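Participant: Make a model of this:
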Amino acid sequence: MNSRLAALTAALLTVALAPTGFAQEGVGPVLVDRNLMVNEKVGNLVTPLGIAFLGPDDMLVIEKNTGKVVRVTGGEMAGTVLDLSVNAASERGLLGITLHPDFPSDPGVYLYWSCRSAAALDADPFTPEEQRCSDDHLTDLADSEDMLRVPLLGNRVDRFIWDGSALHYDHNLEMLRSFQNDGAPTPAGQDDSVGGSHGQQPARANHDGGVIAFGPDGKLYVIVGDLGRRGALQNLPCGPTATTCPGAVTPDDQFGGPEPDDAHWTGVILRLNDDGSTPPDNPFFDHGAKVGGEVGENLQRTYAYGIRNSFGMAFDPVSGGLWQQENGEDAFDEINRVEAGENSGWIQVAGPASRVGQYREIETTSLHHEDFPNLQQFRWGPEQIATTPAEVLSRLHQLPGSHYSDPEFSWKFVLAPAAIGFQEGRGLGPQYANDLFVGFSTLDTLGGPLFRFNLTGNRQKVGVDDPRLEDRVADNLTFHEMTESETLVFGTDFGIVTDIETGPNGNLFVVSLDQGAVYEIQRR
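Facilitator: Numbering: from 1, shown residues only. All right, here's what the predicted structure looks like:
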């Protein structure tokens, strides 16, 4: 680093990280702007993950690990309005909430959650005891954190009805993959089972996604993570161990694939009507009709694919555009503007395609998460990543009408972004109107920062003032390290941020999972 850039970095750090904001009683989040303040709106929550406003000073809060939907009025907990029987292992649980766009005239409340199996576990750990959740046991089972105690399709999107004091089940819109135990002896020839070169793949419960939101078009958008799958929608159309295509198609796992049947429809954004039916203007609707069957129906409901995992999705209040964050394995977390038919590139690429060499280098040498470099499943290792941009683009699975575009912003080494949300309007002042805010899922950096992004005038790109960010990549030096992100810092010590919403009063509300709190940011 040259001396001029070093001096600039030091100056930016001094400005961005100076504790000039307000923190209640000297504890908790701190804001950079001294004209703003942050207060704890409600505390003593258990793993809060998302909020939805019923009205002014009246909200529903979902708790990931308890399966509870809690009502908060006037900053006080007014009771539990629903208690679901969740499997909360790892990243499972009660994961998403949104209200019908015509609420309260339409009293629909939509939830994304992971149910637990009602059946007793048997001696076979590689086959779940149930195919899908039963509506007979939505609320009457004890919550579980057993990795294996889930149906194969254990992630649900359901509609409930708000009667003014409680939520009542209406109907299911979708059941999605949840079960993960890839160490099975089948399919043969893969590296995840007993006897593999890296040992047996452990059972997991991550990459469930779970963020749901209605768009300005009145459609319901649902993010589903890849659940560790390695098939067509992860840009491996012939399977994870196929050597030629289409001559040697191999299964994704012991349940089949690689085509996106119900057990392998992952790493996608769904777009649904409010009743769960499929909009005929979805980007792959006609193609799915030609494919037919279970796979075709799933393709018809797909808005975007090639997604590893995401904890944040929001619609631009000005343009209506869909923005989403995507987490990398060890390299290139992303902020994306997602258009219909988007192929986000995973597993073939993370970050800009021009940086595929760095993606490959980091993933083939990193021991950040495991004791050897891998991309979660061992059957498609990072040594198989392409070596040139042209090669990686040639490998992408191209559904008719699909397209790839580079992320609007990314971090070279993972910084672990999580929730994203727009400040709708001028509630925090005109300088923040309609800006994009990003929270993070780790305490390793600034105790959980809050970043602020300006968008360009046409709302198509991230605007930057720091010359180091002209390429829209923060070239940080290692994992959870801040280099080139200093000017983005809006606040610190928010913990693990799981939701960011503009309230009816125009203030910004931030949910912190580990601090068990909802914070309100407002002008002094």
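
Participant: Name the nearest residue to the residue positioned nearest the centre of the chain, sequence neighbours excluded.
Facilitator: Centroid check for the chain by CA atoms, centre = their mean gives Ser310 as the closest residue, at 1.8 Å. Spatial nearest neighbour of Ser310, chain neighbours left out: Ile223 (4.8 Å); criterion: CB to CB, 6 or more residues apart in numbering. Placement of C-beta: from N, CA and C, glycine included.

Participant: what helix or strand is that neighbour on?
Facilitator: Under the criterion of DSSP states H and E, Ile223 resides in strand 220-224.

Participant: so what strands line up beside that strand?
Facilitator: Strand 220-224 has these partner strands in its sheet, going by DSSP bridges: strand 212-214 (antiparallel), strand 268-272 (antiparallel).

Participant: and among the ones you listed, the most buried is which?
Facilitator: strand 268-272 (a mean of 24; mean count of other CB atoms under 10 Å).

Participant: circling back: distance of the residue nearest to Ser310 relative to Asn374?
Facilitator: 24 Å (CB to CB, to the nearest Å).

Participant: So the two - more neighbours on which side?
Facilitator: Between Ile223 and Asn374, Ile223 has the larger neighbour count (other CB atoms under 10 Å), namely 29 against 23.

Participant: For that one, give me its contacts.
Facilitator: Gly209, Gly210, Val211, Ile212, Val268, Ile269, Ile307, Ser310, Met313, Gln324 (CB atoms under 8 Å, 6 or more residues apart in numbering).

Participant: Try it again at 10 Å.
Facilitator: Shown in contact with Ile223 (CB atoms under 10 Å, 6 or more residues apart in numbering): 95-96, 112, 208-213, 267-270, 303-304, 307, 309-313, 324-326, 338.

Participant: Quick one: residues contacting Leu94.
Facilitator: Here Leu94 is in contact with 47-50, 62-69, 82-84, 86, 88, 111-114, 143, 210 (CB under 10 Å, 6+ apart).

Participant: can you pull up the bridge partners for it?
Facilitator: The partner residues for Leu94, given DSSP bridges, come to Trp113.

Participant: Determine the number of other residues adjacent to Ala289.
Facilitator: 13.

Participant: That one is in what secondary structure piece?
Facilitator: Per DSSP H and E: helix 285-291 holds Ala289.

Participant: Following element in sequence after that helix, please.
Facilitator: Counting by DSSP H and E, what follows helix 285-291 is helix 293-300.

Participant: mind giving me CSV with the strands paired with strand 220-224 and columns for distance to Phe422 and mean pLDDT?
Facilitator: Formatted as CSV, those follow (distance: least, CB to CB, whole Å; pLDDT from 0 to 100):
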stretch, distance to Phe422, mean pLDDT
strand 212-214, 11, 98
strand 268-272, 18, 99
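
Participant: Quick check: longest strand in the protein by residues?
Facilitator: strand 167-176 (DSSP state E).

Participant: Mind listing the strands it pairs with, and their directions?
Facilitator: As assigned by DSSP bridges, strand 167-176 forms pairs with strand 155-162 (antiparallel).

Participant: Can you say which of the strands paired with strand 220-224 is nearest to Asp192?
Facilitator: strand 268-272 (22.5 Å; CB to CB).

Participant: before we move on, the earlier item: list only buried entries from the contacts of Leu94.
Facilitator: Those of the contacts of Leu94 that meet the buried threshold are 47-50, 62-69, 82-84, 86, 88, 111-114, 143, 210, by 16 or more other CB atoms under 10 Å.

Participant: quick one, what contacts Phe479?
Facilitator: Phe479 neighbours (CB under 10 Å, 6+ apart): 330-331, 362, 366, 368-369, 411, 413-416, 442, 444-445.

Participant: ok, and the closest non-adjacent residue to it?
Facilitator: Phe413 (5.0 Å).

Participant: Can you tell me how far that neighbour is from Val224?
Facilitator: Distance from Phe413 to Val224, counting by CB to CB: 26 Å.

Participant: now do Leu450
Facilitator: In terms of CB to CB, Leu450 sits 26 Å off from Val224.
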